[in-house]
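> From the sequence below, what's the structure:
(one chain, ligands or ions: 2)
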Amino acid sequence: MSLFEQFPVSVYNSLSKNKELFKTLVPGRVGMYVCGPTVYSDVHLGNVRTFLSFDIVFRHLQYLGYKVRYVRNITDVGHLVGDADEGEDKIAKRARLEEIEPMEVVQKYTNGFHDVMRLFNITPPSIEPTATGHIVEQIEFIQKIIKNGYAYEVEGSVYFDVKKYNEDHPYGELSGRNVDEMLSNTRDLAGQDQKRNSLDFALWKKAEGGHLMKWPSPWGEGFPGWHLECSVMSTKYLGEKFDIHGGGMDLKFPHHEAEIAQNKGCCSSDDCGGGAQYWIHGNMLTVNDRKMAKSEGNGFTPEELLTGDHKLLERGYSAMTVRFFMLMSHYASTLDFSNEALQAAEKGYKRLMAAVNLVEKLVLAGTGTIDSEKSEKLKATVDKVISDLSDDFNTAKAIAGLFDIASQINNFYHKPAEIVAIDKEAFDYVIKHFKGITFDVLGLVNETEGGQNADLLDGVLDVLIELRKQAKFSKNYALSDKIRDDLKAVGVQIKDEKGGEMSYTID
Ligand code: AMP
Ligand code: ZN
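Ligands and ions are numbered 1, 2, ... in the order given. Prediction:
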């Protein structure tokens, strides 16, 4: 029995607005598409949160035994700066400012994005297609939509006809918006007079004047619209119908709504794909309850985070501390940045790594009478963590469960009498999954320094505990109390156990 049968996944589907049992289209296989970055500026920590959320989805599904094809695109055709298909191309604007070619902008920020993903140990996708590499497919897609009567051409630009589409398919099903309301709320078409309706969006835009990134098409030289590439590249690599589509909450409308309309609008029959079965949206990283965004000036880069060189940061934090901080909350909740939360995460991360380091040293004594109830209970703590992850990828609960296991491990190490009653199968099961979940699913890395220091710290503490035992034995209580109190002052709690044994916990 594979793990995905044993721990069935449930997913909160933004489309149905329900938590649903996750059923793949092809048994044992998952196709997942996630909207990637627009490569015209450095990624900030908010972007990292979204890609990390889907890294967990990718990792957990693989851990359960699914074969996952994960497609995450690179948007290298510039979206327009202004809303509603008007304004300057963001990439071209950056090229002008930096006095370099648009494709140099794209390469520079794609490299930067990859560096940041590596820093946070975010797994590369199986396919990373670019919008500029799929212009031909995008043109063909538009032609199909025109043929179906859901798009129209005006002077070299092509627009999606939302009103016409809405006669056959509900537009707004993902975002819960109502087309008639939206139409009555939008006043005019200022500057967008080519559109029949303000809700219509560009599938292809004519390249005006000195527009730099442009391609020939049946409608003249131009470039594809904002939403089109994701419909095209997801269905090209995953099929007309696939399992999961993800992205940040802020992309739900209009981007994802438009994607669904394009997918259905290009179908020649009613039962053709329509795109993803499950839509997953990650929530935002906020600063003082405002979305972290470049335009808000509250978006620090990973480099600033590591060095602490930003007005919002009291000091620097390691990449794994930040990863842990993000995983301590569920992907669907907002996460507010604060120095206090990062400091708490740092402690938590170190505590977990300390347990991982202890695991390497644990040996199953195998001499005692096996307590099967105890063994089963221990196994159940691990099963609970896997179930929590299968329950809509709840990393917050999973981390709480890992801490429970960590204190068990601590217990086993410091009170070896505890471990003799555990049967080998249960012991191996717990260790395998404790490490598997920590490293393979949560994707944490034991930062080298942390790993070595933890070993060193253990050794030093063992020496101090031995000295305290001797002090007590020779009735030098002043010294034994001093060792206990001084250690407490630096965050190590020593506990006296039965029979003169001592254990410790680190805050
Ligand atoms: P962009 O390059 O702006 O298209 O953004 C790339 C991804 O980052 C998208 O999925 C956005 O939803 C996501 N994103 C942007 N800002 C934030 C934020 N503050 N918190 C979480 N995700 C974000
Ligand atoms: Zn997209």
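> The chain against ligand 2: which residues are in contact?
Contact residues, the chain versus ligand 2 (Cβ under 5 Å from the ion): 35, 230. Glycine gets a C-beta too; all of them are placed from N, C-alpha and C.
> most centrally placed residue in the chain?
residue 53 (1.7 Å; Cα atoms, centre = their mean).
> That residue is in contact with residue 282, isn't it?
Yes. Using Cβ atoms under 8 Å, residue 53 is in contact with residue 282, at 3.9 Å.
> Mind listing the shared neighbours of those two?
Listed as contacting both residue 53 and residue 282 by Cβ atoms under 8 Å, 6 or more residues apart in numbering are 246, 331.
> Quick check: what element follows the one helix or strand in the chain whose mean pLDDT sits lowest along the chain?
Least confident helix or strand of the chain, by mean pLDDT, DSSP states H and E, is helix 448-473 with a mean of 74. Sequence order places helix 477-489 as the next helix or strand after helix 448-473, per DSSP states H and E.
> Which is the succeeding secondary structure element to that next one?
Downstream of helix 477-489 (by DSSP H and E), the next one is strand 492-496.
> Give the other helices and strands that that following strand contacts.
helix 448-473, helix 477-489, strand 502-506 (3 or more Cβ pairs under 8 Å, 6 or more residues apart in numbering; DSSP states H and E).
> The ones you listed: which one's closest to residue 359?
Closest approach to residue 359 among these (Cβ to Cβ): helix 448-473, 11.2 Å.
> which stretches of the stretch 201-350 of the chain aren't confidently modelled?
269-271 (pLDDT under 70).
> Which part of it gets nearest to ligand 1, residue-wise?
residue 248 (1.8 Å; Cβ to the nearest ligand atom).
> Any idea what that residue is bridged to?
Beta bridges link residue 248 to residue 282, judged by DSSP bridges.
> ok, it - contacts?
35, 46, 50, 281-284.
> and which of these is nearest to residue 158?
residue 35 (21.7 Å).
> mind checking how far the closest one is from ligand 1?
Residue 35 sits 5 Å away from ligand 1, going by Cβ to the nearest ligand atom, to the nearest Å.
> near ligand 1, which residues of this structure show up?
35, 37-38, 46-47, 49-50, 247-248, 250-251, 284-285, 291-293 (Cβ under 6 Å from any ligand atom).
> So which of these sit within helices?
46-47, 49-50 (DSSP state H).
> Save these as TSV, and put in distance to residue 149, pLDDT and neighbour count too.
Output for those, formatted as TSV (distance: Cβ to Cβ, whole Å; pLDDT from 0 to 100; neighbours: other Cβ atoms under 10 Å):
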residue	distance to residue 149	pLDDT	neighbour count
46	39	95	23
47	37	96	24
49	40	98	26
50	35	98	26
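> Quick check: of the residues you listed, which lies closest to ligand 1?
residue 46 (2.5 Å).
> Neighbours of the closest residue to the closest one other than its chain neighbours, how many?
Nearest non-adjacent residue to residue 46, counting by Cβ to Cβ, 6 or more residues apart in numbering: residue 292, 3.7 Å away. A total of 22 residues lie near residue 292 under the criterion other Cβ atoms under 10 Å.
> List phi and psi for the closest residue to ligand 2 within the stretch 1-150 of the chain.
Per Cβ to the ion, residue 35 is where the stretch 1-150 of the chain lies closest to ligand 2, at 3.1 Å. Main-chain torsions, residue 35, degrees, to the nearest 10: phi -70, psi 120.
> what's near enough to touch the residue nearest to it when sequence neighbours are not counted?
Leaving aside its chain neighbours, residue 35 sits nearest to residue 247 (3.9 Å; criterion: Cβ to Cβ, 6+ apart). Residues counted as contacts of residue 247 (Cβ under 8 Å, 6+ apart) are 34-35, 50, 255-256, 281-282.
> can you check residue 292 too?
Contacts of residue 292 by Cβ under 8 Å, 6+ apart are 44-46, 284-286, 298-299, 337.
> Which stretches in the stretch 101-250 of the chain count as strands?
Taking DSSP state E, counting those that start in this stretch as the criterion, the stretch 101-250 of the chain carries its strands at 151-154, 157-160, 201-206, 222-224, 241-248.
> and those as TSV, adding distance to residue 20?
Formatted as TSV, these follow (distance: least, Cβ to Cβ, whole Å):
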stretch	distance to residue 20
strand 151-154	32
strand 157-160	29
strand 201-206	29
strand 222-224	32
strand 241-248	12
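> since we're on residue 360, how many residues are nearby?
Residue 360 has 10 nearby residues by other Cβ under 10 Å.
> Correction: the previous question concerned residue 13.
For residue 13, using other Cβ under 10 Å, the count is 19.
> next one: residue 183
Neighbours of residue 183 using other Cβ under 10 Å come to 14.
> before we move on, what about residue 331?
Counted with other Cβ under 10 Å, residue 331 comes out at 26.
> and what of residue 498?
7.
> which of the contacts of residue 292 count as buried?
44-46, 284-286, 298-299, 337 (16 or more other Cβ atoms under 10 Å).
> Compile those residues into a markdown table and extend it with columns for distance to residue 75.
Output for those, formatted as a markdown table (distance: Cβ to Cβ, whole Å):
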| residue | distance to residue 75 |
| --- | --- |
| 44 | 16 |
| 45 | 19 |
| 46 | 16 |
| 284 | 19 |
| 285 | 20 |
| 286 | 23 |
| 298 | 23 |
| 299 | 18 |
| 337 | 25 |
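> Among these, name the ones in strands.
Counting by DSSP state E, the part of the buried ones among the contacts of residue 292 found in strands is 285-286, 337.
> Among those, which one lies nearest to ligand 2?
Once Cβ to the ion is applied, the member of those that ends up nearest ligand 2 is residue 285, at 18.9 Å.
> so that closest one touches residue 52, yeah?
No. Assessed by Cβ under 8 Å, residue 285 is found out of contact with residue 52, at 9.9 Å.
> so what sits against both of those two?
Contacts common to residue 285 and residue 52, judged by Cβ under 8 Å, 6+ apart, are residue 326.
> Please identify the residue of the stretch 101-250 of the chain positioned nearest to ligand 2.
Closest point on the stretch 101-250 of the chain to ligand 2, by Cβ to the ion, is residue 230, at 3.2 Å.
> what's the nearest residue to that residue if we skip its chain neighbours?
That would be residue 259: by Cβ to Cβ, 6+ apart, it lies 5.3 Å from residue 230.
> And the one you found, how far from residue 266?
11 Å (Cβ to Cβ, to the nearest Å).
> Next, show the common contact partners of the two.
residue 231.
> Please identify which residue in the stretch 251-400 of the chain comes closest to ligand 2.
Closest point on the stretch 251-400 of the chain to ligand 2, by Cβ to the ion, is residue 255, at 5.5 Å.
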